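> Based on what follows, work out the 3D shape:
(one chain, ligands or ions: 4)
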Amino acid sequence: AKSAGGNRFELADPEADARAITRHGLTTALPTALERGEFFIEYQPLVHLGDGSVRGAEALVRWLHPQHGVLGPDRFIPLAEHTGLIVPLGRWVLEQSVRQAREWRELRGGAEAMGPLRINVNLSPCQLTHPGLVQDTVDILERTGVEPDALCLEVTESALIGADDDLLKPLRRLAEMGVDIALDDFGTGYSNLANLRRLPVSILKLDRSFTQSMQQFPADPVDLKIVEGIVSLAHSLDLAVTVEGVETGAQAEQLRILGCDTAQGWYYARPGPPERLHELALVDATG
Ligand code: C2E
Ligand code: CA
Ligand code: CA
Ligand code: CA
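Numbers count the residues shown, from 1 in each chain. Ligands and ions are numbered 1, 2, ... in the order given. You can find the predicted model right below:
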């Protein structure tokens, strides 16, 4: 907000200026950050609501910035999307996460009956339109020897609103290979339920706002009806329902009764280093 025209604008919002400077600094530092290995991934368990077992984890990227410390994705993902760095960064996250999934599989050993731990990776809309998406994913799975059905790619509902066939084609290819596609933040945007049938998704991730409305007991009857309706619609379309942002046992119980399949949230575990997930999954596997 610097203007030569007078101090009315010059001093209008020093905080906004500081934010703009940081944004600029972070944006220019992004490419070298990737080269220098300043990004790391935390994993948050996905828990089966029926039996409480850990079924997988969502990969959540962080940036250990040399001056600013650990930055959450909300601080830099939008900048990476804006500059296009999201493509190589997203590819890096995918490769790291799939490698991690393979390591978990090896460590889990005898618990094979429970199926492999699955890995969920977020895809930005820019990655969806990038022509290399399918080939990159195939290459990573082949290099690591991980089965496609151990991978779930999360795409936000808003990224697919009004999506034409060209945008859906790569997702369809991946789905045909056995990769799960989850519709993230479901219910926040302008959701066209009829549209669901057209999308190659197999999982709905109910947004945290629904979980929050289950905080009071008894929960708001209208909210209950809405979640009940979404779950039954999802199941009738053969979609599994994951809920995010579960912070209390009461929420978990309520959502289980409503028929949700899988849950994620602080009640079970905060996002953490990969070893933490391994501990949780092993404890779970041995009883
Ligand atoms: P998201 O995909 O909706 O991820 C869930 C967010 O909710 C995460 O925030 C997670 O730490 C947080 N969370 C989990 N459990 C709870 C809970 O019980 N209560 C509350 N209040 N929050 C909970 P995080 O890690 O800050 O990530 C924010 C967003 O950044 C993600 O939202 C996702 O959209 C994006 N993101 C993260 N990693 C990546 C990535 O590798 N690629 C892309 N494109 N986006 C990413
Ligand atoms: Ca997600
Ligand atoms: Ca989400
Ligand atoms: Ca979200």
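
> pLDDT (mean, whole number) over the helix or strand harbouring Gln135?
Assigned by DSSP states H and E, Gln135 falls within helix 133-144. Across helix 133-144, the average pLDDT comes to 97.

> Mind listing residues that contact the following helix or strand past it?
Remark: after helix 133-144, the chain's next helix or strand is strand 151-156, criterion DSSP H and E. Residues outside strand 151-156 that contact it (CB atoms under 8 Å, 6 or more residues apart in numbering): 56, 58, 98, 101, 118-123, 125, 128, 137, 141, 171, 174, 179-185, 189, 201, 203, 205. (Glycine included, C-beta is placed from N, CA and C.)

> and if you look at stretch 17-30?
1-2, 65, 68, 71, 75-76, 79-80, 82-83, 85, 89.

> hmm, back to that, against which helices or strands is the helix holding Gln135 packed?
helix 86-108, strand 151-156, helix 165-177 (3 or more CB pairs under 8 Å, 6 or more residues apart in numbering; DSSP states H and E).

> elements contacting the first one?
Right, helix 86-108. Taking 3+ CB pairs under 8 Å, 6+ apart as the contact cut, helix 86-108 packs with helix 14-35, strand 39-48, strand 54-65, helix 73-83, strand 118-122, helix 125-129, helix 133-144, helix 274-285.

> Off-centre distance for it?
14 Å (CA atoms, centre = their mean, to the nearest Å).

> Just the CA trace of it, in PDB.
Taking Å, rounded to 0.1, in the frame of the first residue of the first chain, the C-alpha atoms of helix 86-108 are listed here in PDB:
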ATOM      1  CA  ILE A  86       2.900 -26.700  -6.500                       C
ATOM      2  CA  VAL A  87       3.600 -29.200  -9.300                       C
ATOM      3  CA  PRO A  88       7.100 -30.200  -8.300                       C
ATOM      4  CA  LEU A  89       6.200 -29.800  -4.600                       C
ATOM      5  CA  GLY A  90       3.100 -31.900  -5.000                       C
ATOM      6  CA  ARG A  91       5.100 -34.600  -6.800                       C
ATOM      7  CA  TRP A  92       7.600 -34.600  -4.000                       C
ATOM      8  CA  VAL A  93       4.900 -35.000  -1.400                       C
ATOM      9  CA  LEU A  94       3.300 -37.800  -3.400                       C
ATOM     10  CA  GLU A  95       6.600 -39.700  -3.700                       C
ATOM     11  CA  GLN A  96       7.600 -39.200  -0.100                       C
ATOM     12  CA  SER A  97       4.200 -40.400   1.100                       C
ATOM     13  CA  VAL A  98       4.000 -43.400  -1.100                       C
ATOM     14  CA  ARG A  99       7.500 -44.400   0.000                       C
ATOM     15  CA  GLN A 100       6.400 -44.000   3.600                       C
ATOM     16  CA  ALA A 101       3.400 -46.200   2.900                       C
ATOM     17  CA  ARG A 102       5.600 -48.900   1.600                       C
ATOM     18  CA  GLU A 103       7.800 -48.700   4.700                       C
ATOM     19  CA  TRP A 104       4.700 -49.100   7.000                       C
ATOM     20  CA  ARG A 105       3.600 -52.100   5.000                       C
ATOM     21  CA  GLU A 106       6.900 -53.800   5.600                       C
ATOM     22  CA  LEU A 107       6.900 -53.000   9.300                       C
ATOM     23  CA  ARG A 108       3.300 -54.000   9.800                       C
END
